[in-house]
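Participant: please work out how this folds:
(chains A, B, C and D)
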Protein chains: 2
Amino acid sequence: MIRMTSRRSDALSRERIVDATIEILDAAGEDGLTLRAVTAHLATGRGAIYHHVANKDELLAAAADGVLAGLAGDGDPRESIRALALGIFDAIDRHPWVGAQLSRDPFQPAVRRIWTGIGASLHRLGLTGKARSDAGSALVNYVLGAAAQHASGARQAPDDAARRAYLDALAADWAEQDDDPLARESAALLREHDDRAQFLAGVDIFLAGISSLN
Amino acid sequence: MIRMTSRRSDALSRERIVDATIEILDAAGEDGLTLRAVTAHLATGRGAIYHHVANKDELLAAAADGVLAGLAGDGDPRESIRALALGIFDAIDRHPWVGAQLSRDPFQPAVRRIWTGIGASLHRLGLTGKARSDAGSALVNYVLGAAAQHASGARQAPDDAARRAYLDALAADWAEQDDDPLARESAALLREHDDRAQFLAGVDIFLAGISSLN
DNA sequence: ACCTGAACACCGTTCAAGT
DNA sequence: ACCTGAACACCGTTCAAGT
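Facilitator: Numbers count the residues shown, from 1 in each chain, chains lettered A, B, ... in the order given. This is a model prediction of the structure:
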C-alpha cells in the first residue's frame, strides 16, 4: 500500500520551486510573486525556499532563464538573429514579467543566454573583435529595451480591446500635451502600429547598420 | 525680526518633494528611497506627500523627468541624436537609478521627452510616417536598453577600481561556464571595453541602418 | 540535511484628528 | 486646504526548534 503524505508528494527542489515561481508570475504578475505565495503553492514552510535559492532576486532570474531556455537558430545568421529576437518577443507575450526582469541585471543567466546566441550569429556573419562586441552590445541592448517597453504595455493592456482603449487614451493625451503637428502624427501612428512588426523592423535597421561596419 | 519656524521654512510643494526624492535617490539608491526617508528629509508627516503626488511610482517618474529636463540639440540631426543619447548616458552616470526607472513605464514623462527629441531629429533627417516611427522606436528602445544595462553596472561597481574587479570576476565566470573560444574572446573584450564609447558605437550602427530606410 | 513557522525589521498607503 | 502621525495590511529574511 502506498503511504499517503500531505498534499506535497515530492521533496522540495530548486526546479520545483522555480516552476512554481513561473506559474505564480504568469497568474498574478510581478506584484503577485511573494515568498508567501510560493510557499503556499508548494505547501511548505517559509524558510524552506532558502535552502535551495539565495533570495527572491535569484528566484526571479532563474524563472526568466527557465522561460527563455531552448531559444536557438542555426541556419542563415541574419535569419537566426531574427528568430532569436522574435522568440524573445513571443516569450514576453506569454510571460510579460520577463520583459522587466531582463533589464534588472545585465549578468543574469537569461541575458547571458541572449548574448551567447547573438554573439555566435554575428561571428558567423564574419564580425570579429571590437566590431563584434560593439554590434552585439547594440543588438542586445535594443532587444532588452524593446522587451521591457513591450512588456509594460502588455501588462497594462492584457487583451486586444484593452490595448485599443489604452492606445487611444494615450494618443489623446500626447496630442493634448503637445500641439505641434509632429507629435500629433506620432500619436496617430502609435494607435495603428503593430508592436511585433515594429520590433522586427528595428532588428532589420540594426542588421542594415551592421553591414556598414566592415 | 524674522520669525523662526522649525527646520522646515517653506510650505510643502510638489517641486520640493521631487527635489528631496532626487537627493535621496542619489545618496542612497533605489532601495534607499522610502516614503519614510522622504518625509524625514522634509521634516513632515507621512501622509503629507499624498496631497501633492499620487504614489511612489509617480514620485519616481517625476524624479527621472527632473533629471532629464533640458536635454536638447538643434544642429545637424545626426549630431543632435548623438548629443541627446550621450546626455542621457551621462545623466545616468550621475544618477544610476534613472536607468532602471526609464524601463519601468513606456509612457512616463521622461520617456516621452526622449521620444519627442528623437522624433524631431528624425523628421529633420527627412523621415516620415511609418519609416520615422520604426526608426524612432528602434533608437528609443536601444537607448533605454543600454541605459538600463549601464545603470546596473554603475550601481554594482561605483568607482573605477570596483568596476575593474567586477569585470575581471565576470570575465572569469564567463570563461569558466563556457569553454568555447568565442565566449573566451567575448569575456576578454568585456574587460577592456569602454561603456560610453560602445554606447555611442551602437547609436552609430542604428543611424547607419536608418540611412537605408529611404 | 532539510524543513517548519514564529519573530524581526521593515514597507506603502490610508485616515481620523488637528490647524 | 493642508498637514500630522498612528494604524493597517502587508513584505523578505532569519533562526531556534523540530525531523
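Participant: nearest to DNA strand C: which residue in chain A?
Facilitator: The nearest approach of chain A to DNA strand C comes at residue A:47, 2.1 Å away (Cβ to the nearest atom of the strand). All C-beta spots, glycine's among them, are computed from the backbone N, C-alpha and C.
Participant: burial count for that residue?
Facilitator: Number of residues near residue A:47 (other Cβ atoms under 10 Å in any protein chain shown) recorded here: 9.
Participant: and it, how far is that from chain B?
Facilitator: As for residue A:47, its distance to chain B is 23 Å (criterion: Cβ to the nearest Cβ, to the nearest Å).
Participant: that residue: what secondary structure?
Facilitator: Look at residue A:47: counting by DSSP: H, G, I helix; E, B strand; the rest coil, its state is helix.
Participant: any idea which helix or strand comes after the helix or strand hosting residue A:26?
Facilitator: Per DSSP states H and E, residue A:26 falls inside helix A:14-32. Next along the chain after helix A:14-32, taking DSSP H and E as the criterion, comes helix A:35-41.
Participant: touching the helix or strand following that following helix from outside, list them.
Facilitator: Sequence-wise, the next helix or strand downstream of helix A:35-41 (DSSP H and E) is helix A:56-68. With contact meaning Cβ atoms under 8 Å, 6 or more residues apart in numbering or on different chains, helix A:56-68 is reached by A:14, A:17-19, A:21-22, A:25, A:33, A:35, A:38, A:49, A:53, A:88, A:91, A:94-95, A:98, A:101-102, A:104-105, A:108-110, A:113-114.
Participant: quick one: buried ones out of those?
Facilitator: Buried members of these, scored by 16 or more other Cβ atoms under 10 Å in any protein chain shown, are A:17-18, A:21-22, A:25, A:33, A:35, A:38, A:49, A:53, A:88, A:91, A:95, A:98, A:101-102, A:104-105, A:108-110, A:113-114.
Participant: look up how far residue A:36 lies from the residue of chain A closest to DNA strand C.
Facilitator: Residue A:47 sits 12 Å away from residue A:36 when distances are taken as Cβ to Cβ, to the nearest Å.
Participant: report the central residue of chain A.
Facilitator: For chain A, the residue nearest the mean C-alpha position is residue A:99 (3.2 Å; Cα atoms, centre = their mean).
Participant: residue A:177 is in contact with residue A:184, correct?
Facilitator: No: counting by Cβ atoms under 8 Å, residue A:184 sits too far from residue A:177 to count as a contact (10.8 Å).
Participant: neighbour count for the two, which is higher?
Facilitator: Between residue A:184 and residue A:177, counting by other Cβ under 10 Å, residue A:184 is the more crowded of the two (15 against 12).
Participant: and the more buried one, what element?
Facilitator: helix A:181-192.
Participant: check which element follows that helix along the chain.
Facilitator: Note on helix A:181-192: by DSSP H and E, the next helix or strand toward the C-terminus is helix A:195-210.
Participant: against which helices or strands is that following helix packed?
Facilitator: Helix A:195-210 is packed against helix A:77-94, helix A:129-156, helix B:129-156, helix B:195-211, with contacts defined by 3 or more Cβ pairs under 8 Å, 6 or more residues apart in numbering or on different chains; DSSP states H and E.
Participant: name the residues of it that are buried.
Facilitator: If you call a residue buried by 16+ other Cβ under 10 Å, then helix A:195-210 has these buried ones: A:195, A:198-210.
Participant: where does chain A dip in pLDDT?
Facilitator: Residues of chain A meeting the criterion pLDDT under 70: A:1-10, A:214.
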